[in-house]
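Undergrad: coords please:
(one chain, ligands or ions: 1)
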Amino acid sequence: MGSSLFIKICGLSTARDVDTAVVAGADAVGFVFAESPRRVDAATARRLAERVPGNVLTVGVFRGQSVAEVRELSRAAGLRSVQLHGDEGPEYYEALRPEGWTLIRATSFRGAALRCGELGEDHLLLDAPAPGAGRPWDWGDEAFVAPEGSWLLAGGLTPGNVRAAVRATGCWGVDVSSGVEASRGVKDPVLIEEFITAARSAAVRSGE
Ligand SMILES: O=C(O)c1ccccc1N[C@@H]1O[C@H](COP(=O)(O)O)[C@@H](O)[C@H]1O
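TA: Now for the predicted structure:
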């Protein structure tokens, strides 16, 4: 992962889009198992994940699903990470920890400062209240307190706003789905490339 911005491209469902993201330099690719127009089944995710080199994290995205379902789908797809949207408690993370997956807790900013790791997650993802809808939230507002630790910014990011968003928040990583789509659920390879290029150009985390 190194010290550069961590970039995740989410909601992938075709080999073309997975290959585009990997070649363009994504650090992670996401496959949605939650209710969504981007939803894929485990066999599709496995076929796509098998194309991904070991230095790129393969992430399953879930929302309000049981530990058993998360376990079954992620194992079947051979993924290395799970992203959990929902209000799961620490016992949920504890139950998944033995699988060895990188655990990403997705939530929204509700006014109180958050700390990455407080429920047992490896990374925290701050998203809009409605995930996957392409709507930005007030990350630039003075009331926003950036979490401690390795946290990703998501929610309405695009090639046009990602650079400013990274600079405004000092986030450790970014995650995008709608902002690299030609229409809902259909990725645009050119937008994927533009997003990664724009995000990389921000590269001003403290210490760099
Ligand atoms: O993509 C979805 O449909 C989805 C459904 C349920 C939970 C999460 C989902 N996607 C995640 O939403 C964010 C940001 O999306 P966007 O760029 O605003 O469209 C991202 O973390 C996706 O993984």
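Undergrad: what's around residue 50, how many residues?
TA: By the criterion of other CB atoms under 10 Å, residue 50 has 12 neighbours. Heads up, the C-betas are built off the backbone N, CA and C, glycines and all.
Undergrad: Torsion angles phi and psi at it?
TA: Per-residue torsions, residue 50: phi -70, psi -20 (degrees, to the nearest 10).
Undergrad: how many neighbours does whichever residue of the chain sits closest to the ligand have?
TA: The ligand sits closest to residue 132 of the chain, with a gap of 2.4 Å, by CB to the nearest ligand atom. The number of residues packed near residue 132 is 24, by other CB under 10 Å.
Undergrad: my read is it is in a strand, agree?
TA: No. Counting by DSSP: H, G, I helix; E, B strand; the rest coil, residue 132 is located in no strand; its state is coil.
Undergrad: what sits against it?
TA: Applying CB atoms under 8 Å, 6 or more residues apart in numbering, we find residue 132 in contact with 10, 11, 32, 34, 36, 38, 177, 178.
Undergrad: same thing but at 6 Å, please
TA: If a contact means CB atoms under 6 Å, 6 or more residues apart in numbering, then residue 132 has 36, 177 as its contacts.
Undergrad: quick one, what contacts residue 49?
TA: Residue 49 neighbours (CB under 6 Å, 6+ apart): 58, 77, 78, 79.
Undergrad: Distance of the residue of the chain closest to the ligand relative to residue 184?
TA: Separation of residue 132 from residue 184 (CB to CB, to the nearest Å): 9 Å.
Undergrad: Can you pull the phi/psi pair for the residue of the chain positioned farthest from its centre?
TA: Distance from the C-alpha centroid of the chain peaks at residue 142, with 24.2 Å (CA atoms, centre = their mean). Main-chain dihedrals, residue 142, degrees, to the nearest 10: phi -70, psi -20.
Undergrad: Longest helix in this protein, please.
TA: helix 189-202 (DSSP state H).
Undergrad: one step back: from the contacts of residue 49, which would you call buried?
TA: 58, 77, 79 (16 or more other CB atoms under 10 Å).
Undergrad: Dump those to a markdown table, plus pLDDT.
TA: Output for these, formatted as a markdown table (pLDDT from 0 to 100):
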| residue | pLDDT |
| --- | --- |
| 58 | 98 |
| 77 | 98 |
| 79 | 98 |
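Undergrad: Redo those residues as CSV? Include secondary structure and distance to the ligand.
TA: As requested, those are exported to CSV (DSSP: H, G, I helix; E, B strand; the rest coil; distance: CB to the nearest ligand atom, whole Å):
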residue, secondary structure, distance to the ligand
58, strand, 13
77, helix, 15
79, coil, 13
